[in-house]
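Q: need a 3D model of the sequence below.
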Amino acid sequence: MEIFQEIISNKVICLSFGLWFCIQLSKVISDLIKTKKFNFKRILGAGGMPSSHSAVVCCLAAQVGKSYGFHSAIFAMSVVFAFVVMYDAAGIRRAAGKQAKMLNKIIETPGLTTVEVHERLVEVLGHTPTQVIVGALLGCFVGAVL
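A: Numbering: from 1, shown residues only. Now for the predicted structure:
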């Protein structure tokens, strides 16, 4: 029970997840305004402006730098981790989303394939470079200021 208390009182964890929740909530609200429909999947879904992945890992890196020093090995690890996550968000997952979009078009084109599909592939998986940069800047700002 003491470990749980330490985890939930950890400022770095609370700030990082709080930022993630606020960004995802803003995506739900934005989607509600645009479509006039409540889509709870947006709270956990990937994609959109800004990248919550980038914001969280940059907030984490900034907080680690403030706590342990910007010269520390743990800060270096958190920065490398942030770059890996951001590369994945803008590169690999975005490419997978583009492939899903194309596969959905192929499957939905009458007479093109006999493949029977019960659900569409998820197309919004990654982020544009702009979404990643905005998320990273937001995360660095929140992590440095709060």
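
Q: and residue 11, backbone torsions?
A: Backbone torsions for residue 11, taken as degrees, to the nearest 10, come to phi -60, psi -40.

Q: contact partners for the closest residue to it other than its chain neighbours?
A: With sequence-adjacent residues excluded and distances taken as Cβ to Cβ, 6 or more residues apart in numbering, residue 11 is closest to residue 63, at 7.3 Å. C-betas here are computed from N, CA, C, even on glycine. Listed by Cβ atoms under 8 Å, 6 or more residues apart in numbering, the contact set of residue 63 reads 11-12, 15-16, 143.

Q: so what's residue 8 up against?
A: For residue 8, the contact set (Cβ under 8 Å, 6+ apart) comprises residue 14.

Q: ok, it to residue 52 distance?
A: 20 Å (Cβ to Cβ, to the nearest Å).

Q: again, but for residue 105
A: Here residue 105 is placed at a distance of 28 Å from residue 52 (Cβ to Cβ).

Q: one more: residue 40?
A: 16 Å.

Q: which one's more surrounded, the two?
A: Neighbours were counted for residue 40 and for residue 52 using other Cβ atoms under 10 Å; residue 52 has more, 26 against 8.

Q: now the more buried one. Nearest residue, chain neighbours left out?
A: residue 23 (4.1 Å).

Q: C-terminal to the helix or strand hosting the one you found, which secondary structure element comes first?
A: Using DSSP states H and E, residue 23 maps to helix 11-35. For helix 11-35, the succeeding helix or strand toward the C-terminus, using DSSP H and E, is helix 41-44.

Q: tally up the residues packed near residue 15, please.
A: For residue 15, using other Cβ under 10 Å, the count is 19.

Q: so how far is residue 142 from it?
A: Counting by Cβ to Cβ, the separation of residue 15 from residue 142 is 7 Å.
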